[in-house]
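**Student:** predicted model follows, preceded by the sequence.
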Amino acid sequence: LITGPGDRLLRIIPDGHYGWPYYGARGCDSCPTSPPQLEIQPDFVTFPDFSLPRGLVVYKGAQFPSDMFDNLFVVLWNGTDYAQRVVRIDPQDPRLAYEEYVPEPFITGLIRPVDVAVAPDGSLIVADFIYGNLWQVRYTGLYPTPTAALEITQEAQP
């Protein structure tokens, strides 16, 4: 059983190795030692421990500002201070190269979100596990001014 650190997002490359089963550096005392010649690919993004990423979508809509196109929206599910939210990751952000990088909170105040999708109109739809609701997130402001706003509406499940 592997427990502890390890919530991450990977950038997959041909013939890359991502650590399995050599997780000793991630806190697994019973995992085998990595062979010295094995090159393990680094994490693309490391999430806070125990945040439990659940859903992910690449934004291909046209409703949000153009600099959000091809950004990743990731749902962090667990009931911790740094989860229960949707975070945004710009794959071109130069800060990704730094260990202290933290994904940008995009939607907070959720209780156990489980997935995210892009609707045909370009808004985001976030599914809520606890209450069975769908939340629709629309862009309504001028970006990137401080008055930029997201409109979040609740759509109850029948």
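**Tutor:** Sure thing, it's come through.

**Student:** from here on, just use CA atoms for contacts and neighbour counts.
**Tutor:** Fine.

**Student:** what is the burial count for residue 64?
**Tutor:** When neighbours are counted by other CA atoms under 10 Å, residue 64 registers 20.

**Student:** so which strand or helix has it?
**Tutor:** Residue 64 belongs to no helix or strand when assigned by DSSP states H and E.

**Student:** just confirm it contacts residue 122, I think it does.
**Tutor:** Yes - contact status for residue 64 versus residue 122: in contact at 7.1 Å, counting by CA atoms under 8 Å.

**Student:** where do the contact lists of the two overlap?
**Tutor:** residue 138 (CA atoms under 8 Å, 6 or more residues apart in numbering).

**Student:** checking the closest residue to residue 117 other than its chain neighbours next. Helix, strand or coil?
**Tutor:** Closest residue in space to residue 117, ignoring its immediate chain neighbours: residue 125 at 5.2 Å, by CA to CA, 6 or more residues apart in numbering. At residue 125 the chain is in strand, as set by DSSP: H, G, I helix; E, B strand; the rest coil.

**Student:** quick one, what contacts residue 125?
**Tutor:** By CA under 8 Å, 6+ apart, residue 125 lies in contact with 116, 117, 118, 119, 134, 135, 136, 137.

**Student:** which one (most neighbours) among the residues you listed?
**Tutor:** Result: residue 116 is most packed of the contacts of residue 125 (other CA under 10 Å), 23 neighbours.

**Student:** and the average pLDDT for the helix or strand that contains that residue is what?
**Tutor:** Take DSSP H and E as the rule and residue 116 turns out to sit in strand 113-118. Strand 113-118 carries an average pLDDT of 96.

**Student:** what residues does it touch?
**Tutor:** 54-57, 59-61, 73-77, 84-86, 124-130.

**Student:** now, among the contacts of residue 125, which is nearest to residue 42?
**Tutor:** Closest approach between these and residue 42, by CA to CA: residue 116, at 25.5 Å.

**Student:** beta-bridge partners for the closest one, please?
**Tutor:** residue 126 (DSSP bridges).
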